[in-house]
Structures are given as structure tokens and as C-alpha cells.
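Asker: after the sequence you'll find the predicted model.
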Protein chains: 2
Amino acid sequence: MRILVTGAAGMIGRKLVQRLLAEDGLGVHPIESLILHDVVRPEAGSAKVVALESDLSAPGEVEALVAHRPDLIVHLAGVVSGEAERNFDLGYRVNLDGTRALLEAVRAAGLAPRVVYASTEAVFGRPFPDVIPDDLAPQPLTSYGTQKLIGEALINDWSRRGLIDGVSIRFPTICVRPGKPNAAASGFFSGIIREPLVGLPAVLPVPRDVVHTMASPRAAVGFILHAATMDTAPLGARRAVIPPGVAVSVGEEIEALRAVAGDKAVALIEERPDPAVWAIVETWAKAFEAKRGRDLGFEAEGSFDEILQVHIEDELGGRVPN
Amino acid sequence: MRILVTGAAGMIGRKLVQRLLAEDGLGVHPIESLILHDVVRPEAGSAKVVALESDLSAPGEVEALVAHRPDLIVHLAGVVSGEAERNFDLGYRVNLDGTRALLEAVRAAGLAPRVVYASTEAVFGRPFPDVIPDDLAPQPLTSYGTQKLIGEALINDWSRRGLIDGVSIRFPTICVRPGKPNAAASGFFSGIIREPLVGLPAVLPVPRDVVHTMASPRAAVGFILHAATMDTAPLGARRAVIPPGVAVSVGEEIEALRAVAGDKAVALIEERPDPAVWAIVETWAKAFEAKRGRDLGFEAEGSFDEILQVHIEDELGGRVPN
Ligand SMILES: NC(=O)c1ccc[n+]([C@@H]2O[C@H](COP(=O)([O-])OP(=O)(O)OC[C@H]3O[C@@H](n4cnc5c(N)ncnc54)[C@H](O)[C@@H]3O)[C@@H](O)[C@H]2O)c1
Ligand SMILES: NC(=O)c1ccc[n+]([C@@H]2O[C@H](COP(=O)([O-])OP(=O)(O)OC[C@H]3O[C@@H](n4cnc5c(N)ncnc54)[C@H](O)[C@@H]3O)[C@@H](O)[C@H]2O)c1
């Protein structure tokens, strides 16, 4: 099996590649080659890996990727929310034109591969109910959400015509995000866990009763592997899926932290309300019905305790440092 | 006021232009110039008209249109359903790339005009409830519906950013469509009225209990004029509107015809079931809640009798020939 991963140097991409290499296959299919692409050079790490570095949206690049004739494309490359909002042209060029060009290249090559597309729960925008049903009309309030929604529409149409066999995953916030704190407005959901666990301070800019839906990086990889191998017939023409996730309050996150790392860790969280962050977070969806995603076999953690356990196992070698 | 109409030589475009010229204004605003564009040369008919003929999706064309600095753009140009399904590249080029290019040209020129965009109820696809609520997720089952849905998403994002002030109208089937019978699968909804009224035979390829939502060409023009002049603040970021329409059965159409033209006219309708047409029509939406559209001030006929009356007034000089 030849697998192309775009955005392979990103957080989810790196986790996915680790897992594919560790299992040396996708389900029953051995891996023949793993074509990793990113604007930042992806790590090679195996003889099966072809690491490619370029801008997906530059002329000729997607054609060069598709020339590797992948059976599966996991399309993770993207300009994220804040950046797409600040930089209108960049967001449209990479998220919309890049995705369209990739699909056109696949059509031109006559490949009809499985395509797993990284969409987002940010396709929804206020007002919406506390629990978003599966058939609610997406109404994005960001250019990022708009571009991802358009990507979904293309994936649906290309799939309906048999040009690809696509699945779009509307990812919830992936938490605990490993690595350094970043500037994303959602960063604190991970930061208030990740930093105190290793004895570092963290800032909580919103009230404790804020509720948000999350899944672990391991669950995110699980979504992708499931989307890559599932029977797509039950999807019909509706290729975008809301996978399950855990709707948790910040307060519940903190109690989960206390349970594994004690009051000492919790004391490292400084509550410093930030109206600017609060204004953004307030607009986000709280919870999703995700019945269809569950029925289709997508699986996520059932509680924040489990999400925390995944972080401890996958990032901290299985134990909380003291 | 400078008004640009794309697709101005089409059925709705011609009706709109007639009305604008007859009223010599848009609401309280006198018309300074009317820039009419189509791939087929639009009729001039007034000193205020600038008639332009070119392919909207050809390089440089939208920039040339926007150079007229319109205060209002009514974007009606489009490759229709059947053609967009048969010709994948043409549909994406005109309906998606053409619309995107027009919006980019407007942004580059820094105009921020009102934009009225012709979307369609074909953004919805089966399965759906008998009466489609305003917040149901559109799931198009044609490339045409996909392209129009993407157009709506762009109109929303451009409007949210203040680059335009857009309104997308999800037109129902416009009936009675004047002119010659055409190859559209929906043609019979108009044909079984238009032809018998002037003593010509017509074929009915589906059962009489088929229900479909319609509005007259006059109502379609009304939707556009309302969208062009309404206060858009109540739309928020959700610029796509389902306008009202009449959900009527073919049987009700026939009885309306009988009431104005007698059994002699009805006898000209030959019921000749066509499984191919039936298979397409079966997938179409029956009825729409359209509460939001009504609340926003969009108006349509209340019965098929009224639609028929509009046709008699506007196309037959006010009386049924005998
Ligand atoms: N992590 C989350 O919580 C989350 C939630 C919803 C959706 N998503 C989506 O999932 C995907 C992966 O998420 P992630 O958290 O790994 O993001 P990430 O930012 O860590 O990774 C995205 C990768 O795309 C690459 N990229 C950006 N522009 C590119 C270009 N022009 N050409 C080639 N590569 C380019 C970046 O270099 C980066 O490595 C993204 O598309 C993201 O929008 C993520
Ligand atoms: N009439 C309906 O029942 C209905 C229903 C839903 C949506 N709509 C939409 O409303 C709009 C107008 O509908 P209509 O019934 O007048 O359609 P129409 O086909 O009569 O008019 C469309 C016009 O667009 C023009 N056009 C096509 N490609 C072009 C290009 N590349 N450059 C410039 N012009 C081009 C055509 O020449 C035509 O004159 C269309 O976008 C249509 O999709 C119509």
C-alpha cells in the first residue's frame, strides 16, 4: 500500500506516521511506501519513507505528489484557524486551492484513492444548540471554517462521482496537544494539563465552567485509521462525519489533573481571566450528538481521565514525574 | 446607482432587466447605468445599458466588469444543473471559479457592493424531510448543487469580512418558465401549463401526485429586488435564504389550468410516464419551511392559481387565447 500524508510534519501527521511505522501496515495491508509531505521537511525515520518538502499550493506540487500513485491520501496540510483569519490570501490559497488542486490532480491521474480529509468542528458557528445534532447546517464564522466546509463539499462531490472514495473528519479540539505552548486561543485546554504535569506554571484565561469537546491525539490517529479502512458504503454521498469526543468543562479537566498529580500540580494553574480569549472561546461549540460517527465505528475516549491517561502514556513514558 | 447583472441574457436576467428599466430605478435609487453581461449578447434597449458579451470565467473578464464600479451586482450567470453534471470542468470553471474570481475582483477593487447571488434549492439532497427546515444541512447530490453551495459559503465569508454585502437566494423552480420547451427535467412543470394555454400539446412524464415548490418569474425578480434593497443586518453571517414558494402537486396545477382554460386545454396534456424523468424528479425536495425567508420580507405567490395568473398577465397580455 502506498500512503501519501500531507501536513506530515504537523502534530497529528507525526503521530499518524509513528503509528503507521510501528504497525508497519494499515489494517491487513502492508506498507509499500509512505510519502510524507509538508512545507516543513518531515522526518524520514524508515527506508519506506519518502520525505518531501514543498508548498502544496505551488504550481506542479500536487501533481508531483500524486505521481507516487497513492492508494490512500491523508490530507492534513492546512493553514490553521488564526492564521487563515489574519492572512486571507494564504488561507484560501492553501486550504481551498491546495485541496482543490490535489483533488484535480487525483482526477487527472485516474487514481480513485481513499482520501481522508481533515475538517474541523469549526465548520459550525453560533448560534447553535448546546448539543449540535448531526444534520445541523454548518455556518462557519471564520475563513478557516469556510475553507474546510468547501473542502468537505468537494470531497462529497468527487466521491459521489467515484473520482475518490473520501471521508472528511470534523476533528474536535485535540487535547492534550504535546509540545511547546502555542498561540492558539484553544491552547490553554492543553496547557493547563501539560505544563503542571511537568512542574511548570500555566495560565487559565476562561472560567472553569467553560465546556468544550476534545479527543486525544491517539484518538485523532484512530479516527484517521478508521476512516482509511472503513466500509464507506454506509456514508452514501455524505462523507463528512462528526466523530465522538468528550464534552468536558475546564473544572473537570482540573479535577482529573488533581487526581493524578495532586493539589501541587493544580496550584500551578493561575486563573487570569482574559476577555479577548474568552470572547473567542465563547463562540465555540460545546458538545456534539455524534451519533452517526459512533454508529459508523469512530471511537474516542469516554472521559477526560482517559484523555489524561493517554497523555501520560504517550508523552511521559507512563508516569507522572514528581 | 450602477448595477451589474451577470447572466443577463438568461430567463431571470431578462425579466429583471425589463423590470429595472420599467421602474427606471431600484427602490428610491435612480439607475445611472445597467451593465449587462452574458456569454450570449444581452439586449441593450436603453441608453443606460452597457451590454457586454464574454465568458465570465475567461481571464480578465470579471476585472473588466468590476471596472464599471457597480454598487449592486446581481450574479445570475451559471451553467445549469444538467449541463454541470455532464460537463464537470465547465461547471466548476463557471459556477465555482467564475464566482470566486468575481468576488476576488470586487475585493481587489475595494468596492464592497451589495451582491445578490443566485443559489438554488438543489443545495439540498435526499434523504430529507417532506418539509425542509431552514437550518437543515445542505447535502447536494449534483455538482451544480455543490458549486452553488460553495458559492454561498464564499458569499458568507466575504460578507462577514465586509468585502461585500451579500445575499444568496436559494431559488425554487421558477414556473411558468416562458419561451420554448427545454430539455430540463423540470420542464414539464411549466410545459403542461404554457403549451395547453396556447392550444399546443404537452407531455406529463410523472404522476399527478408529485409535489414541488415553485414561484413565478415575477416573484423571482421580486426576490432579487428585495435582496438588493433589504436591510441585511438581520441576516448576520448567514446570507443564504430560502425564499417562500408554493408547494403544489401536478394535479393542482392541472386543476388551476382547467379553471382558466377549461377541459379542452387539460385534454392537451398527455400523461406518458417516463421512468427516467421520474427517477430524477423523485430526488427533489417537495416543500420548505421558509419561515426565515418570509420573516425577512421575501414574498411569493400563495397558490398555483396566482402563479398561473402572473403567467397570463406577463406572457399572454392578460387573457387566455381561445
Ligand atoms: N489539532 C486540532 O485540534 C485540529 C482540530 C480540527 C482540525 N484540525 C486539522 O487537522 C489537520 C492537522 O492538524 P494538526 O494539529 O496536526 O495541525 P499542524 O498545524 O500541527 O499541522 C499542519 C501541517 O500542515 C503544514 N502546512 C501548512 N501549509 C502548508 C503548505 N502550503 N504546504 C504543505 N504543508 C503545509 C504545516 O507545516 C503543518 O506541519 C489540519 O488541517 C487542521 O486544520 C486539527
Ligand atoms: N430558473 C430556475 O428555476 C432556477 C432555479 C434555481 C436557481 N436558478 C439560478 O438562477 C440563475 C438564473 O437562472 P435562469 O433560469 O435565468 O437561467 P438561464 O440559463 O436562463 O440563464 C443563465 C445565464 O447565464 C449565462 N452564462 C452561462 N455561462 C456563462 C459564462 N461562462 N459567462 C457568462 N454568462 C454565462 C447563460 O448564457 C444564461 O443566459 C442561474 O444561476 C440558475 O442556476 C434558477
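Answerer: Received the coordinates, thanks. Ligands and ions are numbered 1, 2, ... in the order given.

Asker: buried residues in the lowest-mean-pLDDT helix or strand in chain A, which are they?
Answerer: Every helix and strand in chain A was compared by mean pLDDT, DSSP states H and E; the lowest is helix A:275-281, with a mean of 87. Buried residues in helix A:275-281, counted by 16 or more other CB atoms under 10 Å in any protein chain shown: A:277, A:280-281. Every residue, glycine included, has its C-beta placed from N, CA and C.

Asker: same thing with stretch A:74-92?
Answerer: Quick answer for stretch A:74-92 (16+ other CB under 10 Å): A:74-79, A:81-85, A:91-92.

Asker: quick one: which two of the residues you listed are the most distant?
Answerer: By the measure CB to CB, A:74 and A:85 form the most distant pair in the buried residues of stretch A:74-92, at 24.9 Å.

Asker: helix/strand/coil for the residue lying closest to residue A:154 once chain neighbours are set aside?
Answerer: Nearest residue to residue A:154 in three dimensions, chain neighbours excluded: residue A:103, at 5.7 Å (CB to CB, 6 or more residues apart in numbering or on different chains). Per DSSP: H, G, I helix; E, B strand; the rest coil, the local secondary structure of residue A:103 is helix.

Asker: list the residues that contact residue A:103.
Answerer: Taking CB atoms under 8 Å, 6 or more residues apart in numbering or on different chains, we find residue A:103 in contact with A:115, A:154-155, A:158, A:163-164.

Asker: next: residue A:245.
Answerer: Residue A:245 neighbours (CB under 8 Å, 6+ apart): A:172, A:213-215, A:219, A:288, A:290, A:300.

Asker: so residue A:194: helix, strand or coil?
Answerer: Residue A:194 - assigned by three-state DSSP - is helix.

Asker: strand partners (parallel or antiparallel) of the helix or strand harbouring residue A:5?
Answerer: For residue A:5, the element it lies in under DSSP states H and E is strand A:2-6. If you go by DSSP bridges, strand A:2-6 pairs up with strand A:33-38 (parallel), strand A:72-75 (parallel).

Asker: look at the residue in the stretch 51-200 of chain A positioned nearest to ligand 1 and give its secondary structure.
Answerer: The nearest approach of the stretch 51-200 of chain A to ligand 1 comes at residue A:78, 3.0 Å away (CB to the nearest ligand atom). Assigned by three-state DSSP, the conformation of residue A:78 is coil.

Asker: got a list of what it touches?
Answerer: If you count contacts by CB under 8 Å, 6+ apart, then residue A:78 has A:7, A:94-95, A:118, A:148 around it.

Asker: can you tell me which of the contacts of residue A:245 has the most neighbours?
Answerer: The most neighbours of any of the contacts of residue A:245, using other CB atoms under 10 Å in any protein chain shown, belong to residue A:172, which has 27 neighbours.

Asker: quick check, pLDDT for that residue.
Answerer: Residue A:172 is assigned a pLDDT of 97 by the prediction.

Asker: surely it touches residue A:119?
Answerer: No. Residue A:172 is not in contact with residue A:119 according to CB atoms under 8 Å; the separation is 11.1 Å.

Asker: for the nearest residue to residue A:201 once chain neighbours are set aside, give its distance to ligand 1.
Answerer: Nearest residue to residue A:201 in three dimensions, chain neighbours excluded: residue A:268, at 4.9 Å (CB to CB, 6+ apart). Residue A:268 sits 23 Å away from ligand 1, going by CB to the nearest ligand atom, to the nearest Å.

Asker: next, give phi and psi for residue A:268.
Answerer: Residue A:268 has phi and psi values of phi -80, psi -10 when expressed as degrees, to the nearest 10.

Asker: gap between the two ends of stretch A:39-59?
Answerer: Using CA to CA, to the nearest Å, the end-to-end distance of stretch A:39-59 comes to 14 Å.

Asker: got the buried residues for that stretch?
Answerer: Quick answer for stretch A:39-59 (16+ other CB under 10 Å): A:39, A:42, A:48-52, A:56-57.

Asker: same deal with stretch A:265-277?
Answerer: Neighbour count says stretch A:265-277 has A:265, A:268-269, A:277 buried, by 16+ other CB under 10 Å.

Asker: for ligand 1, what's the nearest residue on the stretch 1-150 of chain A?
Answerer: residue A:10 (2.0 Å).

Asker: got the contact list for the closest residue to that residue other than its chain neighbours?
Answerer: Leaving aside its sequence neighbours, residue A:10 sits nearest to residue A:76 (CB to CB, 6+ apart; 5.9 Å). Residue A:76 is in contact with A:5-8, A:10, A:12-13, A:16, A:118, counting by CB under 8 Å, 6+ apart.

Asker: next one: residue A:55
Answerer: Here residue A:55 is in contact with A:39, A:61, A:94 (criterion: CB under 8 Å, 6+ apart).

Asker: what sits against the last one?
Answerer: By CB under 8 Å, 6+ apart, residue A:94 lies in contact with A:55-57, A:77-79.

Asker: the second one too?
Answerer: By CB under 8 Å, 6+ apart, the contact list for residue A:61 reads A:54-55.

Asker: quick one: it and residue A:105, what's the gap?
Answerer: Distance, residue A:61 to residue A:105, by CB to CB, to the nearest Å: 9 Å.

Asker: kindly report the same for residue A:310.
Answerer: 36 Å.

Asker: the host helix or strand of residue A:100: which residues count as buried?
Answerer: Using DSSP H and E, residue A:100 falls within helix A:99-109. Residues A:99-107 are the ones in helix A:99-109 that count as buried (16+ other CB under 10 Å).

Asker: measure stretch A:105-120 end to end?
Answerer: Using CA to CA, the end-to-end distance of stretch A:105-120 comes out at 24 Å.

Asker: ok, stretch A:236-247 next?
Answerer: Note: stretch A:236-247 ends 28 Å apart using CA to CA.

Asker: chain center to stretch A:283-302: distance?
Answerer: Averaging C-alpha positions (CA atoms, centre = their mean, to the nearest Å) puts stretch A:283-302 14 Å from its chain's average.

Asker: is ligand 1 contacted by it?
Answerer: No. Remark: stretch A:283-302 sits outside contact range of ligand 1, by CB under 6 Å from any ligand atom, the gap being at least 11.3 Å.

Asker: how about residue A:44, what does it touch?
Answerer: Residue A:44 neighbours (CB under 8 Å, 6+ apart): A:36, A:51.

Asker: now swap in residue A:281 and tell me
Answerer: Counted by CB under 8 Å, 6+ apart, residue A:281 has contacts A:185-186, A:206, A:210, A:212.

Asker: list only buried entries from those.
Answerer: For these, buried by 16+ other CB under 10 Å: A:185-186, A:206, A:210, A:212.

Asker: mind picking the lowest-pLDDT entry from those?
Answerer: Within these, pLDDT is lowest for residue A:185, at 82.

Asker: leaving out sequence neighbours, find the closest residue to that residue.
Answerer: residue A:280 (4.4 Å).

Asker: I'd like the average pLDDT over stretch A:90-103.
Answerer: 98.
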